[in-house]
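Enquirer: I would like to see how this sequence folds:
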Amino acid sequence: MNYLKNLVEYQKESIDVGFFYENCHRLFGLNLIAENDGFSKKIRDRSIHRPGLALAGFLELFSYTRVQIFGNTEIRFLHSLSDKKREEALRKFFEYDIPCIVFSNNHVPDELFLNLAKEKKISVFNSNLPTTKVVYFLSDFLDDQFAPQVTIHGSFVDVYGIGLLFVGRSGIGKSEIALDLVERGHRLVADDVVFATRKGEGVLMGTGSKLMKHFMEIRGLGLINVEKIFGVRAIRYQKRIEVLVVLEEWDSSKEYTRTGLDQITTNILGVNIPTVILPIFPGKNVTVIAEIIALNYLLKHYGYDAAVDMKNRLEQGIKNKSERIIDYFEHDFE
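Expert: Numbering: from 1, shown residues only. Next comes the predicted model:
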């Protein structure tokens with residue numbers, strides 16, 4: 001795909017503990033127990049770690065570069081130790097360069113723990129959520145932060161709940177099609193610059209840039225703010241990319257699909273996205289076709305493929321030597 005040939009994959013190498021707290025406090029209600037001058041420390045690993053074995057003395061495989069989660073198991077284990085043994089276990093634990101520590105179930109560490117964390121400049125947080133929820137939310141946040149991304153030049157619109165990403169040469173009319181779709185009640189996700197992020201296996205999420213947000217450049221008119229003109233109903237911040245629509249000028253020497261039996265996909269960050277190559281020419285109503293692309297994708301998702309249905313009908317017709325659509329319609333001469 002020419003328009004996606006030079007995509008450069010990138011991902012964050014680290015995030016600050018301060019950034020981690022700011023977002024997780026806002027999203028999941030993470031509470032600050034002690035900052036300890038640790039907000040500038042770096043989190044470099046997307047995974048989290050429960051340090052039960054490390055506290056028990058097995059430190060050979062201690063994943064200390066990860067965010068450490070203290071749940072009921074770790075707390076009860078520490079309480080089962082004598083004061084001397086507990087201090088020894090914690091001092092060994094704090095010998096490592098840990099980015100930060102999170103307590104679940106609203107647990108609050110004791111004075112010894114807090115003094116050691118302060119000494120090592122490690123921030124301590126807690127949450128009133130159970131450990132499984134804390135693990136789920138923090139893992140999802142870190143996965144998102146360290147997910148591979150690419151930047152795509154295109155327009156991205158939510159059409160009937162299906163994320164259609166329009167790409168094509170500069171000036172071919174991607175923004176105008178997106179604007180027409182918004183005017184018909186669909187929602188703009190991003191225009192011009194689309195950040196595509198792989199989430200989990202087989203999911204590609206798209207969003208715009210903080211700078212552009214929902215501004216759009218219409219040639220001959222200039223910049224417009226879609227949110228201000230059409231209201232909040234006309235925008236959304238992110239959406240799964242489900243179909244790639246490649247806009248091309250009509251080329252009579254080129255073969256375009258006539259039946260839709262050939263399924264074309266485009267690989268972006270390891271995710272295969274169904275692709276429609278759409279030739280355009282003056283007078284062609286691309287907006288309506290875009291809506292049909294979204295509806296047809298929905299039909300396929302629910303198990304109906306018009307091209308396969310027609311193919312089966314043709315095969316059956318050939319087998320039965322062609323039949324009329326009805327056998328006899330009584331006295332119908334209109």
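
Enquirer: so where's the stretch 151-300 of the chain uncertain?
Expert: Scanning the stretch 151-300 of the chain for pLDDT under 70 picks out no residues.

Enquirer: now the strands for the stretch 1-150 of the chain?
Expert: 15-16, 31-34, 42-43, 48-49, 67-70, 100-103, 123-126, 149-159 (DSSP state E, counting those that start in this stretch).

Enquirer: For the second one, buried residues please.
Expert: When neighbours are counted by 16 or more other C-beta atoms under 10 Å, the buried residues of strand 31-34 are found to be N31, I33, A34. Any C-beta I mention is one placed from the backbone N, CA and C, and that applies to glycine too.

Enquirer: ok, back up a step: now the strands of the stretch 1-150 of the chain as a markdown table including distance to I277?
Expert: Listed next are these as a markdown table, based on distance: least, C-beta to C-beta, whole Å:
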| stretch | distance to I277 |
| --- | --- |
| strand 15-16 | 39 |
| strand 31-34 | 52 |
| strand 42-43 | 42 |
| strand 48-49 | 43 |
| strand 67-70 | 44 |
| strand 100-103 | 48 |
| strand 123-126 | 50 |
| strand 149-159 | 14 |
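
Enquirer: Looking at the buried residues of strand 31-34, which is nearest I75?
Expert: Using C-beta to C-beta, I33 is the member of the buried residues of strand 31-34 that lies nearest I75, at 13.9 Å.

Enquirer: Contacts only, for that closest one.
Expert: Contacts of I33 were listed using C-beta atoms under 8 Å, 6 or more residues apart in numbering, and they are F103, V108, P109, L114, V124, F125, N126.

Enquirer: For A196, state which of these is nearest.
Expert: Comparing those against A196 with C-beta to C-beta places F125 closest, at 31.2 Å.

Enquirer: CA atoms only for stretch 96-116, dumped as PDB, please.
Expert: The C-alpha trace of stretch 96-116 is given here as PDB (Å, rounded to 0.1, in the frame of the first residue of the first chain):
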ATOM      1  CA  TYR A  96      16.700  -2.600  44.400                       C
ATOM      2  CA  ASP A  97      16.000   0.400  42.200                       C
ATOM      3  CA  ILE A  98      12.200   0.100  42.300                       C
ATOM      4  CA  PRO A  99      10.100   2.700  40.400                       C
ATOM      5  CA  CYS A 100       7.100   2.900  42.700                       C
ATOM      6  CA  ILE A 101       4.900   0.800  45.000                       C
ATOM      7  CA  VAL A 102       1.100   0.400  45.000                       C
ATOM      8  CA  PHE A 103      -0.900  -1.100  47.900                       C
ATOM      9  CA  SER A 104      -4.400  -2.500  47.100                       C
ATOM     10  CA  ASN A 105      -7.500  -2.900  49.300                       C
ATOM     11  CA  ASN A 106      -6.800   0.400  51.000                       C
ATOM     12  CA  HIS A 107      -3.800  -1.000  52.900                       C
ATOM     13  CA  VAL A 108      -1.400   1.600  54.400                       C
ATOM     14  CA  PRO A 109       2.200   0.600  55.000                       C
ATOM     15  CA  ASP A 110       3.700   0.800  58.500                       C
ATOM     16  CA  GLU A 111       6.300   3.400  59.600                       C
ATOM     17  CA  LEU A 112       9.300   1.100  58.900                       C
ATOM     18  CA  PHE A 113       8.100   0.500  55.300                       C
ATOM     19  CA  LEU A 114       7.500   4.300  54.800                       C
ATOM     20  CA  ASN A 115      10.900   5.200  56.200                       C
ATOM     21  CA  LEU A 116      12.700   2.700  54.000                       C
END
